[in-house]
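Peer 1: how would this look folded up:
(chains A and B, ligands or ions: 2)
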Amino acid sequence: MADYLRDHHDKIVGRWSELVLAQVRGRTSLDEVRRELADLYSLIVRVLSDADDHAAGELRAALDELSRSRARDGYTPRETAIGMLALKEAVYEFVADTAELVPEFLVLSRMIDDLGLRTFEAYSAAREQIISDQSTSMLELSTPVVRLWEGIIAVPLVGTLDSARAQLVMEKLLDELVATSADHAVIDITGVPTVDTEVAQHLLKTAAAVRLLGAECTISGIRPQVAQTIVSLGIEFGDIATKANLADALALALRQAGMKVVPVA
Amino acid sequence: MNAVPIRSGDDVVRVRQLVRTAAAENGLSLVDQTKLVTAASELARNTLVHGGGGTATVEVVKSPIGRPGVKLSFNDEGPGIADIDLALTDGWTSGSGLGLGLSGARRLVDEFELNSKPGAGTSVVVVKWSR
Ligand SMILES: Nc1ncnc2c1ncn2[C@@H]1O[C@H](COP(=O)(O)OP(=O)(O)OP(=O)(O)O)[C@@H](O)[C@H]1O
Ligand SMILES: [Mg+2]
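Peer 2: Ligands and ions are numbered 1, 2, ... in the order given. Have a look, this model is predicted:
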């Protein structure tokens, strides 16, 4: 597949660019799109040909950068993801008639899906940054405590967690815990751009208070870059459960409550 | 490149945003951006809390081999640090923090220089290079 893609570089990149341009017409030029996509394309070919270990990292970085600039330029997440996903269509148009390439096309297609999903992450990180630029007003935002399930409540934090806000969150969470007799609280920090020692200390204190009330506490929404930073800082969450996302935290809470989600029938 | 004041918690937030923008514009990866912003957050808060306020500067620099990097300086004219080794020990705090801000910030960046004398204030300069 790598060889095929390399040999048909111009045709496929050309078609890919047309498909992408059709989605975002008027906001950029064909040459501009072609230049951006040609970069990604060469990296994808390098990754597929297993030639070097750096290609995958470079591809991710290039894609993240492109997604960030899309976010800044006001594209929608859909338009941003299509920029990647349209490659499938472009390649398919060329390989459809070549039966022996179909299995490899499936591999490529799965890789493109992953990359498409990745644009969402980079896109939302960039949006988050735009949001955090307005953070002074974000501080005022109310902090809703939501019920996820019988006995399981969650507080999704968005923005900056300073002492005043942390105090508010803790009070609301503890009140709600008592009012609903919940026995599991999830603090989701997906929307907290920076987790430093101050934020960590607030999280640790809140978790300790939750436990004093006899409930379990899980911290969710720890993004990979935040996880790496926390480790370098030397912060330890001890035996407080941490999860990458809210769904995993809910699954854990359900399991601890002796429940299990199964498919119907 | 101008020095921005650090006098309140809002100023710390503002410094973080400046650093995030500079890091993103100069090709630092998402992880490195996050690390540098977090280090900036620690150092700015130390300037505010322990140094009684001060200033921060954000600069774009080039390494000898031409790599771009972001350099941050934090300055205050507060009480200074009597025992620098102790201050850089994981878990040591003169207040009620975790005592990980200064030592953690050092691990989060590529270059770290701390100058401080009791009575003469504190200056911390850090650099993170793009990879
Ligand atoms: N700018 C400064 N001026 C004076 N003393 C300082 C300064 N920065 C740090 N220190 C001293 O170094 C100690 C360690 O700093 P460090 O940031 O590691 O911990 P902390 O600020 O006490 O807690 P945290 O983990 O929340 O940051 C501080 O407790 C303080 O005594
Ligand atoms: Mg500190």
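
Peer 1: who in chain B is up against ligand 1?
Peer 2: Residues of chain B lying close to ligand 1 (CB under 6 Å from any ligand atom) are B:42, B:46-47, B:50-51, B:76, B:78-81, B:87, B:92-95, B:97-103, B:122. Just so you know, the C-beta spots here come from the backbone N, C-alpha and C atoms, and that holds for glycine as well.

Peer 1: of the residues you listed, buried ones?
Peer 2: Neighbour-count burial within the residues of chain B next to ligand 1 applies to B:42, B:46-47, B:50-51, B:76, B:78-81, B:87, B:92, B:97-103, B:122; the criterion is 16 or more other CB atoms under 10 Å in any protein chain shown.

Peer 1: Please enumerate the helices of chain B.
Peer 2: Under the criterion DSSP state H, helices of chain B are mapped to B:9-25, B:30-49, B:84-87, B:101-108.

Peer 1: the helices in chain A, which residues?
Peer 2: Taking DSSP H as the criterion, chain A carries its helices at A:2-7, A:9-23, A:30-48, A:54-72, A:77-95, A:102-133, A:135-138, A:163-179, A:197-212, A:224-233, A:246-256.

Peer 1: Residue A:215 versus residue A:181, what's the distance?
Peer 2: 9 Å (CB to CB, to the nearest Å).

Peer 1: Neighbour count for the two, which is higher?
Peer 2: residue A:215 (21 against 10; other CB atoms under 10 Å in any protein chain shown).

Peer 1: Model confidence for the more buried one, exactly?
Peer 2: With respect to pLDDT, residue A:215 has a value of 96.

Peer 1: Pretty sure residue B:95 sits against residue B:45.
Peer 2: No. The pair residue B:95 and residue B:45 fails to qualify as a contact (CB atoms under 8 Å) at a distance of 11.1 Å.

Peer 1: burial of the residue nearest to residue A:199 when sequence neighbours are not counted, as a residue count?
Peer 2: Sequence neighbours aside, residue A:161 is the residue nearest to residue A:199 in space, at 4.8 Å (criterion: CB to CB, 6 or more residues apart in numbering or on different chains). Per other CB under 10 Å, the neighbour tally for residue A:161 reads 27.

Peer 1: And residue A:161, what's its pLDDT?
Peer 2: In this prediction residue A:161 is given a pLDDT of 80.

Peer 1: The one 10 residues further on too?
Peer 2: You'll see residue A:171 listed with a pLDDT of 88.

Peer 1: ok, now residue B:64?
Peer 2: Confidence at residue B:64, expressed as pLDDT, is 90.

Peer 1: Quick check: it vs residue A:44, distance?
Peer 2: Computed as CB to CB, the residue B:64 to residue A:44 distance reads 33 Å.

Peer 1: for residue A:197, same thing?
Peer 2: For residue A:197, the distance to residue A:44 under the criterion CB to CB works out to 40 Å.

Peer 1: Just list the residues touching the residue nearest to residue A:199, thanks.
Peer 2: Residues in contact with residue A:161, defined by CB atoms under 8 Å, 6 or more residues apart in numbering or on different chains, are A:169, A:189, A:192, A:198, A:199, A:202, A:203.

Peer 1: so which of the residues you listed comes closest to ligand 1?
Peer 2: Lowest distance from ligand 1 to the contacts of residue A:161 (CB to the nearest ligand atom) belongs to residue A:198, with 5.8 Å.

Peer 1: wouldn't that closest one be in contact with residue A:164 here?
Peer 2: No. Taking contact to mean CB under 8 Å, the distance of 11.8 Å between residue A:198 and residue A:164 leaves them out of contact.

Peer 1: out of the two, which sits in the more crowded spot?
Peer 2: The neighbour count for residue A:198 versus residue A:164, taken as other CB under 10 Å, is higher for residue A:198 (23 against 10).

Peer 1: Find the nearest non-adjacent residue to residue B:43, please.
Peer 2: Leaving out its chain neighbours, the residue that sits closest to residue B:43 by CB to CB, 6+ apart is residue B:74, at 4.6 Å.

Peer 1: tell me the pLDDT at that neighbour?
Peer 2: Residue B:74 is assigned a pLDDT of 98 by the prediction.

Peer 1: quick one: contacts for it?
Peer 2: For residue B:74, the contacting residues are B:6, B:43, B:44, B:46, B:47, B:54, B:55, B:56, B:122, B:123, B:124, B:125, taking CB under 8 Å, 6+ apart as the criterion.

Peer 1: which of those residues lies closest to residue A:229?
Peer 2: Each of the contacts of residue B:74 was checked against residue A:229 using CB to CB; the closest is residue B:43, at 14.3 Å.

Peer 1: Distance-wise, check the closest one relative to chain A.
Peer 2: Using CB to the nearest CB, to the nearest Å, one obtains 10 Å as the distance from residue B:43 to chain A.

Peer 1: Verify the stated contact: that residue with residue B:105.
Peer 2: Yes. Contact between residue B:43 and residue B:105 holds when scored by CB under 8 Å: they sit 5.5 Å apart.

Peer 1: what touches both of these two?
Peer 2: With CB under 8 Å, 6+ apart applied, the overlap between the contact sets of residue B:43 and residue B:105 consists of B:124, B:126.

Peer 1: For ligand 2, what's its nearest residue on chain A.
Peer 2: At 6.1 Å from ligand 2, residue A:197 is the closest residue in chain A, using CB to the ion.

Peer 1: quick one: pLDDT of the nearest residue to residue A:176 once chain neighbours are set aside?
Peer 2: Counting by CB to CB, 6+ apart, residue A:176 lies nearest to residue A:145, which is 4.2 Å off, once chain neighbours are set aside. Reported pLDDT at residue A:145 in the predicted model: 89.
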